[in-house]
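> Sequence below, structure please.
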Amino acid sequence: MDLKSNHSAPVLTDPPPVNKSRFGMRSNLLPYSPPGAAFSSSLLLTIPRKKNGVLDDVRSSSWLDAMKSSSPTHKKITKDFNTEPASTDADVTYRTWLLKYPSALKSFEQITNYAKGKRIALFLDYDGTLSPIVDNPDRAFMSNSMRAAVRNVAKFFPTAIISGRSRDKVYNFVGLTELYYAGSHGMDIMGPVRHSISNGHPNCIRLTDKQGKEVNLFQPASEFLPMIDEVFRSLVSCTKEIKGAEVENNKFCVSVHYRNVDEKYWKTIVQCVDDILKDYPRLRLTHGRKVLEVRPVIDWDKGKAVEFLLESLGLSNSDDVLPIYVGDDQTDEDAFKVLRDGKRGYGILVSSVPKESNAFYSLRDPLEVMEFLKLLVMWKKSSAL
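Residues are numbered from 1 along each chain as shown. Model prediction:
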């Protein structure tokens with residue numbers, strides 16, 4: 001395929017669910033030795049089960065601590081990328097953290113030196129990466145300047161958005177047909193046609209979009225759709241009396257947002273979710289930034305989605321490909337880990353506070369993400385001269 005041309009991947013109306021299968025693959029992209037020490041941790045937490053009908057106090061406290069620690073408060077920062085913020089204890093701690101996770105902006109020359117002669121494939125989270133984290137998840141709009149930056153970078157590199165949102169929702173936020181989209185943490189992927197994939201996996205089917213182009217639709221958790229809908233309705237009913245709680249149906253997962261809920265009611269939310277999930281052993285509970293997420297128990301995550309998309313793009317098992325994944329949330333760690341463990345690309349964590357990660361580099365916020373995307377375009381244009 002011509003990597004300098006636009007890539008069209010519009011959202012389609014989905015067909016009826018098809019049978020479940022699992023998709024696994026390995027990719028041997030060229031090894032390298034970027035900075036940063038390896039980090040290993042369990043990224044998925046299982047909600048504690050109840051004793052005599054109520055959550056165990058000790059385990060419940062651990063779960064609530066995890067909810068708090070997963071959503072640190074982010075302070076406002078300067079927009080001047082070349083100016084250091086005022087020296088405070090937090091700033092000193094952050095700068096020390098940057099020794100392990102260097103700024104992708106300040107390390108840009110190092111990244112592009114390694115990228116010379118390679119084909120970059122770009123993967124982006126949405127919330128907190130392309131758009132700011134906001135109180136109302138339905139208003140997580142990206143700016144026009146960010147949309148322009150994403151559109152421009154997609155002209156030169158195959159670009160995909162991998163989000164916890166449903167594929168339709170994230171497409172409506174972004175509104176660009178040049179991209180590929182993976183919703184529900186990669187459980188709902190619209191990508192380019194590759195016959196070896198569409199012919200070999202019953203949950204991957206070929207469709208024709210409105211422009212007459214063939215695309216692949218891959219949904220490894222399609223059999224869970226009725227179950228997810230049931231849980232969504234139950235969670236809406238269970239949380240309706242909790243002020244500030246919002247339940248979002250992301251098609252293959254359900255998100256319970258507690259960002260606007262008084263902390264004293266968080267345990268009530270956990271209890272509510274546990275009451276419902278006890279009847280659904282094939283669903284698990286994970287957490288992100290001020291959100292609890294109910295997902296199917298299948299061997300699939302954002303890391304597997306990256307592998308699938310690389311295969312769909314014909315970029316797997318190649319020593320001249322450099323995948324770059326930019327994300328801010330705990331669920332993005334699965335993708336970072338795939339790139340780190342396989343020595344196949346760079347993970348870039350978006351965070352203005354120190355935290356452990358499988359990423360190699362960091363950016364502070366969506367403003368720096370936009371700057372990084374612009375630099376990629378400038379570098380590609382100059383290297384083509």
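
> Centre of the chain to the helix or strand residue 369 falls within, how far?
Secondary structure assigned from DSSP states H and E places residue 369 in helix 366-383. Centroid displacement of helix 366-383 relative to its chain, using Cα atoms, centre = their mean, to the nearest Å, is 20 Å.

> Which of the residues in that helix are classified as buried?
If you call a residue buried by 16 or more other Cβ atoms under 10 Å, then helix 366-383 has these buried ones: 366-373, 375-377, 379-380. Where C-beta positions appear, they are placed from N, C-alpha and C, glycine not excepted.

> So what sits opposite the residue lying closest to residue 330 once chain neighbours are set aside in the bridge?
The shortest distance from residue 330 to any non-neighbouring residue, by Cβ to Cβ, 6 or more residues apart in numbering, is to residue 288 (5.4 Å). When bridges are called by DSSP bridges, residue 288 pairs up with residue 291.

> Now that residue 288 has come up, it's in contact with residue 328, right?
No: taking Cβ atoms under 8 Å as the contact criterion, residue 288 and residue 328 are not neighbours in contact, 9.3 Å apart.

> out of those two, which sits in the busier spot?
More crowded of residue 288 and residue 328, by other Cβ atoms under 10 Å: residue 328, with 28 against 20.

> shouldn't the more buried one be in contact with residue 350?
Yes: using Cβ under 8 Å as the test, residue 328 is close enough to residue 350 to be in contact (3.7 Å).

> list the residues that contact both of these two?
Applying Cβ atoms under 8 Å, 6 or more residues apart in numbering, one finds that residue 328 and residue 350 are jointly contacted by 125, 128-129.

> which one of the residues you listed is nearest residue 300?
Among the shared contacts of residue 328 and residue 350, residue 125 lies closest to residue 300 (Cβ to Cβ), at 16.6 Å.

> Please state the backbone phi and psi of the closest one?
Main-chain dihedrals, residue 125, degrees, to the nearest 10: phi -70, psi 170.

> which ones are touching it?
Residue 125 makes contacts with 161-163, 326-329, 332, 350, as judged by Cβ under 8 Å, 6+ apart.

> try residue 376
Residue 376 sits next to 120, 122, 153, 156-157 when contact means Cβ under 8 Å, 6+ apart.

> out of those residues, which are inside strands?
Counting by DSSP state E, the contacts of residue 376 place 120, 122 in strands.

> which of the contacts of residue 376 lies closest to residue 169?
Nearest to residue 169, judged by Cβ to Cβ, of those is residue 122 at 20.7 Å.
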